[in-house]
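[1] The following comprises the amino acid sequence and a computationally predicted model.
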Amino acid sequence: MSISTKLRNFVMGDPSESDGDSDTHVVTNTETPKGDDTGRVYPEGSISDKAAQIDMAQRGVQNIQATTLTWTKTSLASLLILIWILFLTNGFRGSILASLVPYVTSDFQSHSLLTVIEIVAGAMVSAVYIPMAKLLDVWGRAEGFALMVAFTTLGMILMAVSQNLATFCAAQVFYSVGTNGLIYTVCVLAADVTDLRNRGLAFAFTSSPYMITAFAGSKAAEGFLLNVNWRWGFGAFAIIFPCVTAPLFAVLKLNEHKAKKQGLLVRESSGPITIGRVWRGVVDFDLLGVVLFAGGLTVFLLPFNLATSAPNGWSSDYIIAMIVVGLVVLVLFALHEVYLAPAPFLKQEYLMNRTVIFTCLLDATYQMSYYCWNSYFTSFLQVVSNLRVAEAGYVNSTFSVVSGFLLFCVGYLIRRTGHFKWLLFIAVPIYIFALGLMIHFRQPNQYIGYIVMCEIFISIGGSIITLVVQLAVLASVDHQHVAAVLSLLYISGGVGGAIGNTISGTIWTNTFEKGLVRYLPESAQGNLTSIYGNIVTQLAYPINSPERIGIQKAYGYAQTRMLAAGVGLMGLSLIWICFIKNLNVAKMKQTKGVVL
C-alpha cells in the first residue's frame, strides 16, 4: 500500500470499513470461546470453560477477567456502590479543597502563583499516567488502587503541615498524582465491569455523587475557614480517605482470591528473586519506555512553568534546551514503542487509529480551553461578584450538578442508539457559544444570574464532551489495552491542561497587575504588591470603595482576555470531531463474565 493510500485511508477511513452499523469495528473477542487451542470443548459454565475465556494478556488484565468470571451479581453491585461512595467522598474533597487553595497561597503571599502550582502538579501527573497504566496491567487493579490511595493520603498530610509554598507544591504533586491516579484506576475498573453499550450509564452513575457534594462541599469549606483553619480541611481527608477506600480494595482482593481458589489464576511461586524474574518484570513493565516517556514529558512541560521567572523569558537558553530535549526524548519513546519494546504500551494499530488520535486532540483542546479561564474563577466570584466562599463554590460547582443529571440522559441515548459521535456536534458548538457569551458577563456590575446561565451551558457542552471522549477511545481497543488507551487520553488532557494553565498564568501576569496600576486610586498604589498576591487583602477593601472597584476592574480586564483565548482554542474542536469514527457500541463486546 502506498504512502498516499495510507494517508487517505487514515484521514477519510478505509473503504473496507463502515462508520455506521458495520460489525468491522467490533473489538476483539466478540465470541466467547468454549474450548482451548487443543480443540477440547468444555461444558458451558464449568471452571475449564471459564479458564478458556481468559485472554492471554498481562497479569493485571487476567486478574480482573478471572474476577468477573467468578464473582456474583452481589459482588458486582457491591463494587459499584463502593465506587459511588468513593466518588461521593472524592467530590467532597475536590469541592472543599478547591475553595481552600486560594487561601493557602494567600497565607504564603502567593495568590497569583495558583497556576504555577497547577502546572507543576499537572506536568507530574501527565508523566506518570503511562507508568500507572503499566502498573494496572502488569501488577493488578487492586494493587494500583492501593498505591494511589497511599499517594493521596501522603499528599494531604504534607499539605496540612506545610509551612511554605515550596513544601505545599511538593505535597500537591503527591496529592495530584494520587487523586488523579485514583480516579483513573476507578474509571478503568468501571470499564472492566461494564459492556460498552452500558458504559456511558456507568460513568454517569459514578459522576452522580457530585450533585450532592457541589453544595455541601462548598459550605463545609467555608466552615473550615471560619471555625478552624484550612489545614484541617486537608488533615480531615487524610483520615477519611483510607477508611472509605479500604472496603473497595477488600472486594477486589477477596474476589481475586476466589478466582485463585477455583483455579482460574495460577498462584505465583514465592521463590528466590533471580535475574530472570527481574528481567521478566522489566520487560513486562516496559521500564525503558516508561523512563523515556516520564522523563521526556516532564522536561518538556516544566519550561511552561519556569519561563516566566527565567532571565530572558522564553528566549532563555535553558528554556529552549529543555523544550527541544523533551521533544527529542518523546520521539525516542515513540520509536522505542513501535520498533523495540517487547511489551509496548499500546499497539501500533491503536496508536495510528484515527478515532484515538482525534479524540485525544479533542480532549487536549477542551482541557486547554478550560484551564485558560477557570483558574481564578472562584477568586473572581468573591472579589468581583461579592459572593461568600460557599456561594462562590456553589457557582463553580454548576458543572457537577448539571453533569450529574445530564449524563444519565446521554448514557441512555448512547445505549438506545449505539452511537455517540452525533452528540459531539451538539456539545462543542454549545460550549463555544456559552464561553463566548461569558466574555460579556465576566465583568464588574454584572448580574450573577447571567454568569450562572453561562455556566449551565458550559456544563452541558463540557459534560457531554467529557463522557464521549472516554467512550470513543475505549470503543477503539480490546480489553488488554483499556488501561493504556485511557492513560493516553488522560495524558492528552493533562498536557492540554498544563498548556492552558500556562496561557492563563501568562495572561494573568501581564494583565492583572497592569490593570491594578491603571485602576487603583493613588492612595492604594503603595499596597499594590500585597493586593496582587493576596485574595484576603483584596477582600479586605469594602464593597463599592474606590480600591475595591479598581480591583474589580483589573479582574475584568484580565478575565475577558483569558476567556477570549479559551474560545479561540476551542474552535479547533470543530475540526477534530469530523475525523472521529461513528462507531456502533451496541454491536461491540469487550468484557467477559458477570458485568453490567
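    Okay, I see it. Numbers count the residues shown, from 1 in each chain.
[2] mind listing what's buried in the helix or strand that contains residue 84?
    If you go by DSSP states H and E, residue 84 is part of helix 73-107. Neighbour-count burial for helix 73-107 flags 75-76, 78-80, 82-83, 86-107 (criterion: 16 or more other CB atoms under 10 Å). For every residue, glycine as well, the C-beta is placed using N, CA and C.
[3] Can you name the next helix or strand after it?
    Following helix 73-107 in sequence, per DSSP H and E, is helix 114-138.
[4] Which strands and helices lie in contact with the following helix or strand past that next one?
    Counting by DSSP H and E, the next helix or strand C-terminal to helix 114-138 is helix 141-161. On a contact count with 3 or more CB pairs under 8 Å, 6 or more residues apart in numbering; DSSP states H and E, helix 141-161 meets helix 59-70, helix 114-138, helix 165-192, helix 230-261.
[5] Now do the contacts for residue 374.
    The neighbourhood of residue 374, defined by CB atoms under 8 Å, 6 or more residues apart in numbering, consists of residue 504.
[6] so how far is residue 98 from it?
    10 Å (CB to CB, to the nearest Å).
[7] What of residue 512?
    20 Å.
[8] what does residue 257 give?
    Taken as CB to CB, the span from residue 257 to residue 98 is 38 Å.
[9] Poorly predicted segments of the stretch 101-250 of the chain, please.
    109-119 (pLDDT under 70).
[10] Then the stretch 301-450 of the chain?
    Residue ranges of the stretch 301-450 of the chain with pLDDT under 70: 305, 308.
[11] List the contacts of the most centrally placed residue in the chain.
    In the chain, the C-alpha nearest the mean C-alpha coordinate belongs to residue 490, at 5.2 Å (CA atoms, centre = their mean). The neighbourhood of residue 490, defined by CB under 8 Å, 6+ apart, consists of 126, 129, 180, 184.
[12] how about these in TSV, adding distance to residue 494 and neighbour count?
    Listed next are those as TSV, based on distance: CB to CB, whole Å; neighbours: other CB atoms under 10 Å:
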residue	distance to residue 494	neighbour count
126	3	26
129	7	27
180	8	24
184	10	24
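[13] Could you export the residues you listed as TSV, including distance to residue 401?
    Formatted as TSV, the contacts of residue 490 follow (distance: CB to CB, whole Å):
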residue	distance to residue 401
126	28
129	28
180	22
184	23
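[14] Check those against residue 567 and report the nearest one.
    Set against residue 567, the nearest of the contacts of residue 490 by CB to CB is residue 126 (24.3 Å).
[15] Leaving out chain neighbours, which residue sits closest to the closest one?
    Nearest non-adjacent residue to residue 126, counting by CB to CB, 6 or more residues apart in numbering: residue 494, 3.2 Å away.
[16] Remind me which helix or strand that neighbour belongs to.
    Applying DSSP H and E, one finds residue 494 within helix 482-519.
[17] The helix or strand that comes right after that helix packs against which elements?
    Scanning forward in sequence from helix 482-519 by DSSP H and E, the next helix or strand is helix 528-533. Helix 528-533 sits against helix 482-519, helix 535-540, with contacts defined as 3+ CB pairs under 8 Å, 6+ apart.
[18] repeat that for 10 Å
    Where contact means 3 or more CB pairs under 10 Å, 6 or more residues apart in numbering; DSSP states H and E, helix 528-533 is packed against helix 73-107, helix 482-519, helix 535-540, helix 546-570.
[19] Show me what counts as buried in that helix.
    530-533.
[20] can you list contacts of that helix?
    The contact list for helix 528-533 (CB atoms under 10 Å, 6 or more residues apart in numbering) reads 105-106, 108-113, 508-509, 512-513, 515-517, 520, 524-525, 536-538, 540-541, 547, 550-551, 554.
[21] measure residue 342 to residue 288 for me?
    The value you get for residue 342 to residue 288, if CB to CB is used, is 10 Å.
[22] tilt between the helix or strand hosting residue 365 and helix 114-138?
    Here residue 365 sits within helix 354-373, counting by DSSP H and E. Computed by axes from the mean of the first three to the mean of the last three CA atoms, to 10 degrees, the angle separating helix 354-373 from helix 114-138 equals 150 degrees.
[23] okay, the angle between helix 354-373 and helix 546-570?
    170 degrees.
[24] So which elements touch helix 354-373?
    By 3+ CB pairs under 10 Å, 6+ apart, helix 354-373 packs against helix 3-12, helix 114-138, helix 348-351, helix 421-441, helix 448-474, helix 482-519, helix 546-570, helix 573-576.
[25] Could you check how far it is from the centre of its chain?
    11 Å (CA atoms, centre = their mean, to the nearest Å).
[26] Repeat that for stretch 404-421.
    Offset of stretch 404-421 from its chain centre (CA atoms, centre = their mean): 20 Å.
[27] next one: stretch 517-530
    Its chain's C-alpha centre and that of stretch 517-530 lie 39 Å apart, by CA atoms, centre = their mean.
[28] Going by neighbour count, list what's buried in that stretch.
    In terms of neighbour count (16+ other CB under 10 Å), stretch 517-530 has its buried residues at 519-520, 524, 527, 530.
[29] quick one, what contacts the closest residue to residue 174 other than its chain neighbours?
    In space, residue 174 comes closest to residue 155 once its chain neighbours are excluded; the distance is 3.5 Å by CB to CB, 6+ apart. For residue 155, the contact set (CB under 10 Å, 6+ apart) comprises 121, 170-179, 234, 238.
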